[in-house]
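Visitor: Fold the following, please.
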Amino acid sequence: MSISFDLTGTTAVVTGAKRGIGFAMAEGLAAAGADIIGVSATIEPTGSAIADAVEAHGRSFEARAVDFADRAAVIALGDELRQRHIDILVNNAGTIERAPAAEHPLELWDRVVEVDLSSQFVLTQAVANGMLERGRGRIIFTASLLSFQGGINVPGYAAAKSGIAGLVKALSNEWASRGVTVNGIAPGYIATDNTRALRADPDRSKAILDRIPAGRWGDAADIAGATVFFASPAADYVSGVILPVDGGWLGR
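Guide: Got it, this is the predicted structure:
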């Protein structure tokens, strides 16, 4: 029996690749042998930190600057990628807005749902067409603990990430039999820009840490292993899964 996590010769698209979890995902895939197309709203055309990290592993890097709140820009990216041989799509781009539900501005709701859910489907639909034609592909979504729970003061984010969990299952149901696996990773409380406000609040930070059996905030690098697994031949028979990487949070 041979189990392979080798991604040599593959091309992966990673959205939200400029920093945080997306950066770690892209670098992890590159370390396993994949060439990377990194997408972010503000990524530099050349010389970005993620480009340097990918190229340090001997892999190629291409940058695409796309605002995932701009539907037309996402469609244009999808049209471009539809013409490419993409083996792996990592849907990681995302945003979060915090305000109590009773007074949550509708424009914030609309932006979060567009970036975190609708744009994910738009891009996936375009890229998956090529994968389905070839009979092989890997699609990975960044879900969230709020794919399972409701959160506090983030109604749009909770709704979008719950939608991602449903989308993973729906797409897997249609595409797994055609060689395209669809899975999601649900990061726990990771020390990134999105959790800065929580980490800065002593009461909330303590309450969170007290519940995490691992006893620490996660690092973005903690997500890389799950990403490589889902992308690799080792996960050929894994589809429709939302895998928590949370230090034991959901098991508490």
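
Visitor: Which parts of this structure are strands?
Guide: With strands called from DSSP state E, the chain shows them at 11-15, 35-40, 61-65, 88-91, 137-142, 180-187, 242-245.

Visitor: and G151, how many neighbours?
Guide: 16 (other CB atoms under 10 Å). From N, CA and C alone the C-beta is placed, and that goes for glycine too.

Visitor: for L167, same thing?
Guide: Neighbour tally, L167, other CB under 10 Å: 21.

Visitor: What separation is there between the nearest residue to it once chain neighbours are set aside and A234?
Guide: Leaving aside its sequence neighbours, L167 sits nearest to F121 (CB to CB, 6 or more residues apart in numbering; 6.4 Å). The gap separating F121 from A234 is 27 Å, by CB to CB, to the nearest Å.

Visitor: hmm, back to that, what would the strands of the chain look like in TSV with distance to L171?
Guide: TSV is the format used below for the strands of the chain (distance: least, CB to CB, whole Å):
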stretch	distance to L171
strand 11-15	16
strand 35-40	19
strand 61-65	22
strand 88-91	11
strand 137-142	7
strand 180-187	4
strand 242-245	12
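
Visitor: closest one to Y157 among those?
Guide: Nearest to Y157 among these is strand 137-142 (12.0 Å), distances taken as CB to CB.

Visitor: That closest one vs strand 180-187, what angle?
Guide: With axes from the mean of the first three to the mean of the last three CA atoms, to 10 degrees applied, the angle from strand 137-142 to strand 180-187 works out at 20 degrees.

Visitor: what pairs with strand 137-142, and is each one parallel or antiparallel?
Guide: Partners of strand 137-142 in the sheet, by DSSP bridges, are strand 88-91 (parallel), strand 180-187 (parallel).

Visitor: Just name the shakiest helix or strand of this protein by mean pLDDT.
Guide: Every helix and strand of the chain was ranked by mean pLDDT, DSSP states H and E. The lowest is helix 196-200, at a mean of 85.

Visitor: elements contacting that helix?
Guide: For helix 196-200, the contact count by 3 or more CB pairs under 8 Å, 6 or more residues apart in numbering; DSSP states H and E identifies helix 202-211 as packing neighbours.

Visitor: Closest to the centroid, which residue in the chain?
Guide: Residue closest to the average C-alpha location in the chain (CA atoms, centre = their mean): N92, at 2.5 Å.

Visitor: Was I right to think that residue contacts I21?
Guide: Yes - assessed by CB atoms under 8 Å, N92 is found in contact with I21 at 6.1 Å.

Visitor: Overlap of the contact sets of those two?
Guide: Residues touching both N92 and I21 by CB atoms under 8 Å, 6 or more residues apart in numbering: T142.

Visitor: Now do the helices in the stretch 1-150 of the chain.
Guide: Shown for the stretch 1-150 of the chain, the helices assigned by DSSP state H, counting those that start in this stretch span residues 20-31, 49-56, 71-82, 106-113, 119-134.

Visitor: which helices and strands does the third one pack with?
Guide: Other elements packing on helix 71-82 under the criterion 3+ CB pairs under 8 Å, 6+ apart are helix 119-134.

Visitor: From R252, how far off is V113?
Guide: According to CB to CB, V113 and R252 sit 29 Å apart.

Visitor: more neighbours, those two?
Guide: Counted by other CB under 10 Å, V113 and R252 do not tie: V113 has more neighbours, with 17 against 10.

Visitor: doesn't D6 make contact with V228?
Guide: No - the criterion here is CB under 8 Å, and V228 misses it with D6 at 9.6 Å.

Visitor: and for the two, which residues touch both?
Guide: In contact with both V228 and D6: A32, using CB under 8 Å, 6+ apart.

Visitor: Now G163: closest residue in space that isn't a chain neighbour?
Guide: In space, G163 comes closest to L117 once its chain neighbours are excluded; the distance is 4.5 Å by CB to CB, 6+ apart.
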